[in-house]
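Asks: pasting the sequence and the predicted coordinates here, then a few questions.
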Amino acid sequence: MAIDLTRAYQDLWKWCRSQGFAGYDPYDALNSRLFQSTPFKHSRTARLVWTQFHKRSPVNFRSLVRIPRERNSKGIALFTLAALACYRRTKTKEAEIEARELLDDLMWMRLKGLSGAAWGYNFDWQSRVFFAPRGTPTIVPTVFAARALCEAAEVFGPDQYLPFARTICDFILNDLKRLEESSDEVCFSYSPLDSTRVFNASLLAGEALATIGKLTGEASLVDWAMRAARYVIRRQRADGSWAYGADESQSWADNFHTAFILTSLSRIIDAVSSEPRPVGVATGLLDELDNTLRRGYELWQERFFLDNGWPKYYPDRLYPADAHSAASAIIALVELRGHIPGTMILAEKVAQWAIENLRDRRGFFYHQRRRFHTGRIPYMRWSEAWMAYALARLMESTH
């Protein structure tokens, strides 16, 4: 029996709410009390192996090794964005209460002791390049919190949420490192601890600065955003794609990081092209942003999706088909609808594919479909929060 969009969203939201919006994460392995009691916790290799084992295993061993179910700040930001989309669509008191409660939770989860509001992950994270202890402020969850707060300011009025969102700019400009900075370019670091040049992360910082600058009328924030945008668009490859980052070890391209770049570019364009136009934004730069967006979209649409909406993780591989890739694609396609024709058709195909192939009868979505098995573990941030946000935005845009 076919499951329609509304039922899929309602069942998913009901399941997530029943869990208190708390759960496991693909990268939470280092929260294991068992692992933390061993000397291996000090080894970079051991941390990577332990994390990848739990991330890739089709069997969930987390309770066995004492990994707790927890709330994740980025997950709460995504659920907040979903609740705001639901409120904009329904305008019910119940939807408003739910959105405001999640906004309160999100603001309460901010990290203390920084120049401005910032958020991090609820687990130690060992990347290929650097180690970030639990609670390290990082740009990605911070910008999704900024997106939620800015949307709340537009929906409920600026007095309660915009001043709080404005402090995020202080974190970005004062606590993050500015790499390859010049008079017209800047790349923001992933966290205050590292010097990695990750294109989607730096552009997310630009998105936050542009959106907040538009709402507060601060041209200086928009100027910083445009410098971050220039850095990324000038590093688009000849075929229209972007690598994950600037280092040789970051040369791969994948579906959802490309979707992040396209989404942030479209939101920056929308922010800086609104009237009255902020001082210093040249029409030529907006045209350059728009052309870059179109080239990136054409490559992404052609190489990362099958005709039936199947979202490929990498352009040259059919598997894994990932809920995170599907959800971030739906969101990007909804965001792009005012810039590129036909994106909603693909958005609906991806949503229907995900509902038919990754949805559990209990309402949540599976992690990945692989060649010989399906990873059925419900990951609250990676799969459920993203799918809730995606389905809510799609419903808002089609009803």
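Replies: Perfect, thanks for sending it.
Asks: which parts of the chain are strands?
Replies: 125-126, 131-132, 178-179, 187-188, 321-322, 368-369, 374-375 (DSSP state E).
Asks: got the contact list for F40?
Replies: By CB atoms under 8 Å, 6 or more residues apart in numbering, F40 lies in contact with 46-47, 50. Placement of C-beta: from N, CA and C, glycine included.
Asks: and P141, by the same measure?
Replies: Contacts of P141 by CB under 8 Å, 6+ apart are 72-74, 77, 119-121.
Asks: now, which of those residues sits nearest G363?
Replies: The closest of the contacts of P141 to G363 turns out to be N72 (CB to CB; 19.1 Å).
Asks: ok, the closest one touching R381?
Replies: Yes - counting by CB atoms under 8 Å, N72 sits close enough to R381 to count as a contact (4.3 Å).
Asks: which neighbours do the two share?
Replies: Contacts common to N72 and R381, judged by CB under 8 Å, 6+ apart, are D25.
Asks: where in the stretch 251-399 of the chain is pLDDT low?
Replies: For the stretch 251-399 of the chain, the stretches flagged by pLDDT under 70 are 275-283.
Asks: give me that answer again for 80
Replies: Where the stretch 251-399 of the chain drops to pLDDT under 80, the residues are 274-285, 399.
Asks: what segments of the stretch 151-300 of the chain are helices?
Replies: 158-174, 199-216, 219-233, 255-272, 283-303 (DSSP state H, counting those that start in this stretch).
Asks: packing partners of the second one?
Replies: Read it as helix 199-216. helix 139-156, helix 158-174, strand 187-188, helix 219-233, helix 255-272 (3 or more CB pairs under 8 Å, 6 or more residues apart in numbering; DSSP states H and E).
Asks: so which of these is the most surrounded?
Replies: Of all those, strand 187-188 carries the top mean neighbour count, a mean of 27, counting by mean count of other CB atoms under 10 Å.
Asks: gap between A385 and A201?
Replies: In this structure, A385 and A201 are 18 Å apart, going by CB to CB, to the nearest Å.
Asks: before we move on, what about A132?
Replies: Distance from A132 to A201, by CB to CB: 12 Å.
Asks: before we move on, what about P141?
Replies: P141 is 11 Å from A201, by CB to CB.
Asks: overlap in contacts, those two.
Replies: With CB under 8 Å, 6+ apart, P141 and A201 have no common neighbours.
Asks: and the strands of the chain: which comes nearest D11?
Replies: Of all these, strand 374-375 sits nearest to D11, with 18.5 Å by CB to CB.
Asks: so what are the sheet partners of the closest one and their directions?
Replies: Take DSSP bridges as the rule and strand 374-375 pairs in its sheet with strand 368-369 (antiparallel).
Asks: from the chain's centroid, how far away is the partner strand?
Replies: Between the centre of strand 368-369 and the centre of its chain there are 19 Å (CA atoms, centre = their mean, to the nearest Å).
Asks: what does stretch 298-318 give?
Replies: Centre-to-centre, stretch 298-318 and its host chain are 19 Å apart (CA atoms, centre = their mean).
Asks: same thing with stretch 376-396?
Replies: 11 Å.
Asks: and that stretch, C-alpha only, in CSV?
Replies: The C-alpha coordinates for stretch 376-396 follow below in CSV (Å, rounded to 0.1, in the frame of the first residue of the first chain):
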residue,chain,number,x,y,z
ARG,A,376,17.8,-0.6,9.9
ILE,A,377,19.2,1.3,12.9
PRO,A,378,17.2,4.5,13.5
TYR,A,379,19.7,7.3,13.9
MET,A,380,17.9,10.3,15.4
ARG,A,381,20.0,13.1,13.9
TRP,A,382,21.3,11.5,10.8
SER,A,383,18.1,10.0,9.5
GLU,A,384,15.0,10.9,11.5
ALA,A,385,15.6,14.6,12.1
TRP,A,386,16.7,15.2,8.5
MET,A,387,13.7,13.3,7.1
ALA,A,388,11.3,15.2,9.4
TYR,A,389,12.7,18.5,8.2
ALA,A,390,12.6,17.3,4.5
LEU,A,391,9.1,16.0,4.6
ALA,A,392,7.8,19.1,6.5
ARG,A,393,9.4,21.4,3.9
LEU,A,394,8.1,19.4,1.0
MET,A,395,4.6,19.4,2.4
GLU,A,396,4.8,23.1,3.1
